[in-house]
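Visitor: Pasting the sequence and the predicted coordinates here, then a few questions.
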Amino acid sequence: MANVIDTLSKRPRHPEKAHRPDTPFSPKPAWIRVKAPGPGAFDATKDIVREFGLHTVCQEASCPNIGECWAVKHATFMIMGDTCTRACAFCDVKTGLPGPLDAAEPEKVGRATEKLGLKHVVVTSVDRDDLADGGAEHFAETIRAIRTFSPGTTVEVLTPDFLRKEGALEIVARAKPDVFNHNLETVPSKYLTVRPGARYFHSIRLLQQVKEIDPTIFTKSGIMVGLGEERNEILAVMDDLRSADVDFLTIGQYLQPSRKHHAVMRYIPPEEFDGYKTVAYSKGFLMVSSSPLTRSSHHAGEDFEQLRAARSKKLGV
């Protein structure tokens, strides 16, 4: 029995990525530090997620902020299973052929949102290229379920790109999430190696179309740095996002999940993140979160309140 356990423990988390060459780990600098989770609310959050049989991006993507967020009962739900049809070089989510959708999942997310007492909830998903609408209707049903079971909760969705899924974006946008987030992840020159299944300008256009469908929805996007991009490329991404009227930008440090993932080319010091924040605000973003540990859903509720206040100020309300 001991030999079996030892063998299982040595299996890679992602056997489907075993064909990739190993890439070296770089030691983390002093500013990449997270607190270990304590008992109490963290365990309560875990129990609620488990009770409803839900997945969270906090767990599946090995988010470094899980201890902090779950300790205050903040969880980001990942719908449509735990298996993605894409194989991005940065992502720790399992890749393969997903199973069928759980028709009860939207209600489960709604009930879990109510039980956690969330004022703001973030719902993301794996890519589901196998579905005719990319899972758009499932997103819409989840938004409606949250509003049914927790009507005071604001809803943020972090969606896939719905590439070659005509009409999918409209389905999600017409369900009227408070925030529509779609991450660019990196600069255009890195797409072939970092995000090979996606297309940069399709993602830009997706965000622009949300505003065309419903200008009242806040739009949001994020990138990781440390993948070998140049500063001028990051500034160009900011310009592209502002051309699409995106309201909120997040910039965080890429952290390598395993030796089978893209290597960290550089750890960006906090002062450079501060510099990017200053530039982004000067370009007209209503809200910017830029730090080594920034992630799309980290402090999303507090950020949403600031975003809403910034829009009111801009409109003179």
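Guide: All right, it came through fine. Residues are numbered from 1 along each chain as shown.

Visitor: Look through the chain and tell me its longest helix.
Guide: Counting residues, the longest helix in the chain under DSSP state H turns out to be helix 300-315.

Visitor: Go ahead and name everything in contact with it.
Guide: For helix 300-315, contacts defined as CB atoms under 8 Å, 6 or more residues apart in numbering pick out 74, 76, 118-120, 122, 154, 156, 178-179, 218, 247-248, 286-287, 289. Where you see a C-beta, it was placed from the backbone N, CA and C, and this is true even at glycine.

Visitor: What subset of the residues you listed is buried?
Guide: 74, 76, 118, 120, 122, 154, 156, 178-179, 218, 247-248, 286-287, 289 (16 or more other CB atoms under 10 Å).

Visitor: Show me where the stretch 101-250 of the chain has its helices.
Guide: For the stretch 101-250 of the chain, the helices defined by DSSP state H, counting those that start in this stretch cover 105-116, 136-149, 168-173, 191-194, 200-213, 231-243.

Visitor: send the alpha carbons of the fifth one over as PDB?
Guide: Okay, so that is helix 200-213. Presented in PDB, the C-alpha positions along helix 200-213 are these (Å, rounded to 0.1, in the frame of the first residue of the first chain):
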ATOM      1  CA  TYR A 200      -5.600  38.900 -29.400                       C
ATOM      2  CA  PHE A 201      -7.700  41.200 -31.600                       C
ATOM      3  CA  HIS A 202     -10.700  39.000 -31.200                       C
ATOM      4  CA  SER A 203     -10.500  39.400 -27.500                       C
ATOM      5  CA  ILE A 204     -10.200  43.200 -27.800                       C
ATOM      6  CA  ARG A 205     -13.300  43.200 -30.100                       C
ATOM      7  CA  LEU A 206     -15.200  41.000 -27.600                       C
ATOM      8  CA  LEU A 207     -14.700  43.700 -24.900                       C
ATOM      9  CA  GLN A 208     -15.700  46.500 -27.300                       C
ATOM     10  CA  GLN A 209     -18.900  44.700 -28.300                       C
ATOM     11  CA  VAL A 210     -20.000  44.400 -24.700                       C
ATOM     12  CA  LYS A 211     -20.100  48.200 -24.500                       C
ATOM     13  CA  GLU A 212     -22.000  48.400 -27.800                       C
ATOM     14  CA  ILE A 213     -24.600  46.000 -26.500                       C
END
